[in-house]
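Chemist: Show me how the following folds:
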Amino acid sequence: MRVETIKPNIVRIAIHQEQGDPHYGSCLWGYYDFDLDRYMLNIQSDCGEAAYRWCETPDSESFLHLMARINDDYLLDKLFKAEKVDVSGTVAEVREHLGVGEDEGWQDDSLTDDEREEREEALNELEGLLENVSKSYGAVEATLEDWNADHGFGLDCIYERVVTDFTAWQKRIVEIFRDYVQPRIREIIKEEAECVPDE
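Modeler: Predicted structure coming up:
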């Protein structure tokens, strides 16, 4: 095993909330470290930790330029996995695939009134079952599979029906990036551009 000491070329942007700040207490401190050579973002904060490494593209775009232009959804997808189960969204997804969706495009006209009523009752049952296990993605998936088998609906790829979202803490880390860190990155880029001597 080879062990080496590396002194990375890092820019750290630190945030510290103060009393009186909007959203005080939502994330009291955070360090956003940008490895300018390896295109790595490492975040440690009161809200949690996250890290991601992009492909290095120094000939076309610096890491700070990349960070200055990315948006919330892109960063959320890179840093985190959406694992918070959206029970209502999951039931709506299953509803559509059972042919009793709210949208006309997801309504099965061949269903009798009794079949529709049976499916609505089963969906109400499903919502209650999922509320009881909503903290665990795996438990939701297993509950959905058992419910599907018990009612004989025959939905395939049932795990694809589970709708997820990011946690409030994950979203907060990205909001802070967007509202405070990203503007500071843009200032750094502007300051560096002003320091470049004219040729």
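Chemist: count of residues packed around the closest residue to residue 131 other than its chain neighbours?
Modeler: Of all residues not flanking residue 131 in the chain, residue 87 sits nearest, at 5.7 Å (C-beta to C-beta, 6 or more residues apart in numbering). Using the backbone N, CA and C atoms, a C-beta is placed for each residue, glycine as well. Residues lying near residue 87 (other C-beta atoms under 10 Å) number 19.
Chemist: Please apply the same query to residue 81.
Modeler: 10.
Chemist: same question, the one 10 residues further on
Modeler: Burial of residue 91, expressed as a neighbour count using other C-beta under 10 Å, amounts to 19.
Chemist: element containing it?
Modeler: Residue 91 is part of helix 87-97, with elements assigned from DSSP states H and E.
Chemist: if we can go back for a sec, for the residue nearest to residue 131, give me its contacts.
Modeler: Contact analysis of residue 87 by C-beta atoms under 8 Å, 6 or more residues apart in numbering lists 127, 130-131, 134, 140.
Chemist: What's the first helix or strand after the helix holding residue 91?
Modeler: Following helix 87-97 in sequence, per DSSP H and E, is helix 113-133.
Chemist: Give me the buried entries from the contacts of residue 87.
Modeler: 127, 130, 134, 140 (16 or more other C-beta atoms under 10 Å).
Chemist: Residue 37 versus the residue nearest to residue 40 when sequence neighbours are not counted, what's the distance?
Modeler: Excluding the flanking residues, the one nearest residue 40 by C-beta to C-beta, 6+ apart is residue 53, at 4.4 Å. Using C-beta to C-beta, to the nearest Å, residue 53 is found at 11 Å from residue 37.
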